[in-house]
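Student: got a structure for you, letters missing:
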């Protein structure tokens, strides 16, 4: 049985760990709030960009479908897989669930005859893919805690380049989307080619219902005549579409960041709770050990006294 | 003379940088410099990197170094969407000078007609415009 001193040392070390996990929990909570603000700050821009894309696409009409990012490649050989993970661990299954989902998707794509090219953001994703012996076509690290728009642009540029040059025939993205501090769900999204439905706004849009009411069918027809486009809507759309890809990646990055801090906060909270339980157990053990020692001493004293008498 | 005002909003992916009533807004589209006054016809334009000026009044001008973006004007509301909008006093010249020379290096090495070259040229335009605002 462990001596009293051993157990005391163990308690002290668990207490230290608990201090660290508590501190990490609080830091994660503060960073989570900041990350949430950034999601909120992004929303007006993303919504406005989507509305403009829709407007330009409607004005451009059939021209739109000829844009390289909107048209599907005829032969389907390689898929680009972008995994969005964190730079650090200690966040429960946050990073591993993305890597696992990515590998599963690659397997599914493999069954349909598509090879995968790997792209990853975040040190965790990069290192686990490398560890599995997979070759990365692109790795982006060092900004997972605070992604900037420029980071999303770098990634988008690489992916768009690969798509246009024919090195990949489609691009899929896997990331943790932020639902609440307690929940992040693994989300799988097609990045390229962008579907016509996404651009022309056939997808559900919950925002700004009054704006949609104004956009009746009749107004769509006259829209092009009324609005002055500079340059042509086709030209504007050519730049809006890559921006759309950038904003999708940026959104995934900020959501993943918020998700990471949420996951870390939860993980650290349960670690602190576990540490508390361990401390209780050890304290009990220590008291038992002390009691045993005392009993032992008393017995010795009694035995000694008996021996003397 | 006071002009009629209209509301102007400047949004970037990292948040709103400006939302006020202004008398005039000036920026640059692909076709050239443009000034918007209240009552302008509805338009959707593509913006080039330049100095964005928002005239609260003749004398009071808010300036930003803007990256590429879009301008939408409808129903007396101007909406400027740009990737970056930096106030001149916050512009770090050193960083952009390094970035500019990096981009020039890439442009020299890149192949004719490649995406890489197009990207480098776009960056050069942007950083040059930023640096000219910072002066």
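Tutor: The structure has been received and is ready for your questions. Here the structure is a predicted model, which means the values were calculated and not measured.
Student: bridging residues for whichever residue of chain B sits closest to chain A?
Tutor: Closest contact between chain B and chain A, by CB to the nearest CB, is at residue B:15 (3.4 Å). For glycine as for every other residue, the C-beta is placed from the backbone atoms N, C-alpha and C. Per DSSP bridges, the residues bridged to residue B:15 are residue B:12.
Student: Please identify which helix or strand holds residue B:73.
Tutor: strand B:69-74 (DSSP states H and E).
Student: The residue of chain B closest to chain A is in contact with residue A:41, isn't it?
Tutor: Yes: with contact defined as CB atoms under 8 Å, residue B:15 counts as touching residue A:41 (3.4 Å).
Student: on that earlier part again, since we're on the residue of chain B closest to chain A, how many residues are nearby?
Tutor: As a burial measure, residue B:15 scores 15 neighbours (other CB atoms under 10 Å in any protein chain shown).
Student: what do you get for residue A:158?
Tutor: 19.
Student: element containing it?
Tutor: helix A:149-164.
Student: How far off centre is that helix?
Tutor: Helix A:149-164 sits 18 Å away from the centroid of its parent chain (CA atoms, centre = their mean, to the nearest Å).
Student: Next: stretch B:115-129.
Tutor: 15 Å.
Student: quick one: it near chain A?
Tutor: Yes: contact of stretch B:115-129 with chain A (CB under 8 Å from any CB of the partner chain) involves B:115-116, B:119.
Student: Which of those residues fall within helices?
Tutor: Secondary structure defined by DSSP state H assigns B:115-116, B:119 of those to helices.
Student: Which of those are buried? Put it as a PyMOL command.
Tutor: The following PyMOL line selects those of those that are buried, judged by 16 or more other CB atoms under 10 Å in any protein chain shown:
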select buried, chain B and resi 115+116+119
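Student: nearest to residue B:90, of the ones in helices among the residues of stretch B:115-129 next to chain A?
Tutor: Distance to residue B:90 across these (CB to CB) is lowest for residue B:119, with 25.1 Å.
Student: Test my guess that that closest one contacts residue A:158.
Tutor: No: using CB under 8 Å, residue B:119 makes no contact with residue A:158, being 9.7 Å away.
Student: ok, which stretches of chain B are strands?
Tutor: Taking DSSP state E as the test, the strands found in chain B are B:6-12, B:15-22, B:24-29, B:32-37, B:43-47, B:50-55, B:61-66, B:69-74, B:77-82, B:85-86.
Student: Reformat those strands as a markdown table; add mean pLDDT and distance to residue A:28.
Tutor: Converted to a markdown table, the strands of chain B look like this (pLDDT from 0 to 100; distance: least, CB to CB, whole Å):
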| stretch | mean pLDDT | distance to residue A:28 |
| --- | --- | --- |
| strand B:6-12 | 92 | 26 |
| strand B:15-22 | 91 | 22 |
| strand B:24-29 | 91 | 41 |
| strand B:32-37 | 90 | 45 |
| strand B:43-47 | 91 | 38 |
| strand B:50-55 | 91 | 37 |
| strand B:61-66 | 90 | 34 |
| strand B:69-74 | 90 | 34 |
| strand B:77-82 | 92 | 32 |
| strand B:85-86 | 88 | 30 |
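Student: Nearest to residue A:186 among the ones you listed would be which one?
Tutor: The nearest among the strands of chain B, by CB to CB, is strand B:15-22 at 27.4 Å.
Student: Which other helices and strands does that closest one contact?
Tutor: If you count contacts as 3 or more CB pairs under 8 Å, 6 or more residues apart in numbering or on different chains; DSSP states H and E, strand B:15-22 packs onto helix A:4-60, strand B:6-12, strand B:50-55, strand B:61-66.
Student: ok, now with 10 Å
Tutor: helix A:4-60, strand B:6-12, strand B:50-55, strand B:61-66, strand B:77-82, strand B:85-86 (3 or more CB pairs under 10 Å, 6 or more residues apart in numbering or on different chains; DSSP states H and E).
Student: Let me see the contact set for the spatially most central residue of chain B.
Tutor: Residue closest to the average C-alpha location in chain B (CA atoms, centre = their mean): residue B:66, at 2.8 Å. By CB atoms under 10 Å, 6 or more residues apart in numbering or on different chains, the contact list for residue B:66 reads B:10, B:12, B:17, B:27-28, B:47-53, B:80, B:82-86, B:126, B:129-130, B:133.
Student: ok, now with 6 Å
Tutor: B:52, B:82, B:85 (CB atoms under 6 Å, 6 or more residues apart in numbering or on different chains).
Student: For beta bridges, what are the partners of it?
Tutor: Under the criterion used here (DSSP bridges), residue B:66 is bridged to residue B:50, residue B:85.
Student: Let's have the strands of chain B in CSV, adding distance to residue A:107.
Tutor: Below are these laid out as CSV (distance: least, CB to CB, whole Å):
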stretch, distance to residue A:107
strand B:6-12, 39
strand B:15-22, 40
strand B:24-29, 48
strand B:32-37, 52
strand B:43-47, 42
strand B:50-55, 49
strand B:61-66, 45
strand B:69-74, 40
strand B:77-82, 39
strand B:85-86, 44
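Student: What parts of chain A come near chain B?
Tutor: A:41-42, A:44-45, A:48-49, A:52, A:149, A:157, A:161, A:226-231, A:236, A:239, A:250 (CB under 6 Å from any CB of the partner chain).
Student: Where does chain A get nearest to chain B, residue-wise?
Tutor: The minimum distance from chain A to chain B, using CB to the nearest CB, falls at residue A:41 (3.4 Å).
Student: mind listing what that residue touches?
Tutor: Applying CB under 6 Å, 6+ apart, the residues near residue A:41 are residue B:15.
Student: And it, how far from residue A:59?
Tutor: 29 Å (CB to CB, to the nearest Å).
Student: again with residue A:20
Tutor: Taken as CB to CB, the span from residue A:20 to residue A:59 is 57 Å.
Student: out of those two, which sits in the busier spot?
Tutor: Using other CB under 10 Å, the more surrounded residue of residue A:20 and residue A:59 is residue A:59, with 21 against 14.
Student: ok, residue 34 - how many residues close by?
Tutor: I'll assume chain A. Count around residue A:34 with other CB under 10 Å applied: 13.
Student: nope, chain B please
Tutor: Neighbours of residue B:34 using other CB under 10 Å come to 17.
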